[in-house]
Every structure is written in structure tokens, then in C-alpha cells.
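In: Curious how this folds, go ahead:
(one chain, ligands or ions: 1)
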Amino acid sequence: MSRESLAAKRRRAVAVLDRLAPLYPGGEQALLEHRDPFTLLIAVLLSAQTTDAAVNRVSPELFKRWPDARALASASLGEVSEVILSLGFYNTKAKNSILCAQKLLADFGGVVPQTMEELTSLPGVGRKTANIVLNSAFGHAVGIAVDTHVFRIATRLRLTAASEPLHAERDLLRVVPQSYWSMINRCWVLFGREYCCARRPHCARCPTNDLCPSAGKAVQ
Ligand code: SF4
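Out: Reported below is the predicted structural model:
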């Protein structure tokens, strides 16, 4: 099979996104429940290695007790751990949430900053989390949030051959026009749940199977 040119890959990526966008409206809205940039930041931080639904189950109680950075900064590790006990790695997540709130308070007056550099200076906050917050809370599409769904789908669509999310984001930024960056995470998370599942993707009924080199061949 001949090697696909960058231009052809870009056209294919746009065709995939144009076909999926109407199926999953909502643009840059995050799937995690939140009411402001702070609650979104903490919710994304808690969502590592777990489902959005699991985070949405604990976040109402968490944000009722500690609604902002000032409150969470003075919470005890034991109290926060108890509230998020049902999540994987709850102890580390509780610790990072408190440390994150403390740094927000110390360095940013308790206000969530709006740059990648400042956001990734916060404990537990990597590019994926920062991209979601910048995109969904502030409307700044400076990158693409590559989570487990986006990574899997980009790999199956052969838009990247990278072995880890950071490099996959770099590849996606080259092939996906910037006007699509803000919608890709939400869209592909929902597409990944419905069609391009981690186990047994539904290639036969997938709306983009004619554009996917892995159609009918994708395994875990
Ligand atoms: S054809 Fe299969 S592997 Fe390709 S995007 Fe669709 S579900 Fe995923």
C-alpha cells in the first residue's frame, strides 16, 4: 500500500470530522459536569483513569463542601479522599486537588489561569487537562486534548503512529485544521463510546468506515 501524503491525510481527517460533527453536537463543551473553570479543572484532574460518569457522581458533594480554590486549599487529605473514595487512585487525586488549589491560591489569587504554561505548572495538571480547561472554560483552542478515546481513534484512523498521547497530539495538530481543534475531544469521546470502542469496535456500522484504514481490522 502506498504511503499516504500529508495533504491526503489532512483531507481524510477533515472528511472524518465533517461526518462526525453533526452526530455529536456540542462543540467544545466538556462532558464533565462543572459550573466554572475551577470545578472543571478539578473534575478533569479527577477523571484520569476513570469514567466521566464516576467523576460526575462524586463532584456534587465535593464542590458543595469545597466550592472554590480557597476552600479546597484548606481541606484535609482524609476528608477529600473520603468523598472521592469510589474513584481509582483517590488518594493521589485528593492530594493533587488540594495542592492544585493551594498553588492556585498562592500564585494566581485563586483564579484559574488561561495559559498552557501557567495551567501545566499546577500539580497534577498535564497538557490534556489544560487543553480541556482552556478550550471548554475559556474558548481557547491552543491544542487537542488527547485522552484514551482520542488516542485510540487517531491511531486506528492512522492519523498518528505515536506511542504516547503527547506525540499523538503533535501529529494531530499537523493534520487537523485549527478550526476543528475545539470539537475533537468531545466528538471523539462520544464516537469512541458508541462506535470505535476499545474492545470490539463496531466497524460494520461505523459512519466513517470508508475513511478508516483499520476498518474491520481494529483490535485492542
Ligand atoms: S471503522 Fe472501526 S476502527 Fe475505524 S473508526 Fe470506525 S469503528 Fe473505529
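
In: For this structure, what lies in contact range of the ligand?
Out: Counting by C-beta under 6 Å from any ligand atom, the chain comes close to the ligand at 156-157, 195-196, 201-203, 206, 208-209, 212, 214-215, 218. In short, each C-beta sits where N, CA and C put it, glycine included.

In: pLDDT weak spots in this protein?
Out: In the predicted model, the chain carries pLDDT under 70 at residues 1, 218-220.

In: Tell me the gap between the longest helix that the chain contains and the middle of its chain.
Out: When the chain is parsed with DSSP state H, its longest helix is helix 90-108. Its chain's C-alpha centre and that of helix 90-108 lie 19 Å apart, by C-alpha atoms, centre = their mean, to the nearest Å.

In: which parts of it are buried?
Out: The neighbour-count check on helix 90-108 (16 or more other C-beta atoms under 10 Å) flags 90, 93-105, 108 as buried.

In: what sits against residue 159?
Out: Neighbouring residues of residue 159 by C-beta atoms under 8 Å, 6 or more residues apart in numbering: 9, 12-13, 171-172, 175-176.

In: returning to what we had before: from the residues of the chain next to the ligand, list the buried ones, please.
Out: The neighbour count (16+ other C-beta under 10 Å) marks 156-157, 195-196, 201, 203, 206, 208-209, 212, 214-215, 218 as buried among the residues of the chain next to the ligand.

In: after the longest helix of the chain comes which helix or strand?
Out: Sequence order places helix 116-119 as the next helix or strand after helix 90-108, per DSSP states H and E.

In: Pull the distance from whichever helix or strand comes after that next one to the chain's centre.
Out: Counting by DSSP H and E, the next helix or strand C-terminal to helix 116-119 is helix 127-138. Mean-position distance between helix 127-138 and its chain equals 8 Å (C-alpha atoms, centre = their mean).

In: Tell me which other helices or strands helix 127-138 touches.
Out: For helix 127-138, the packing partners by 3 or more C-beta pairs under 8 Å, 6 or more residues apart in numbering; DSSP states H and E come out as helix 37-46, helix 116-119, helix 165-175, helix 181-194.
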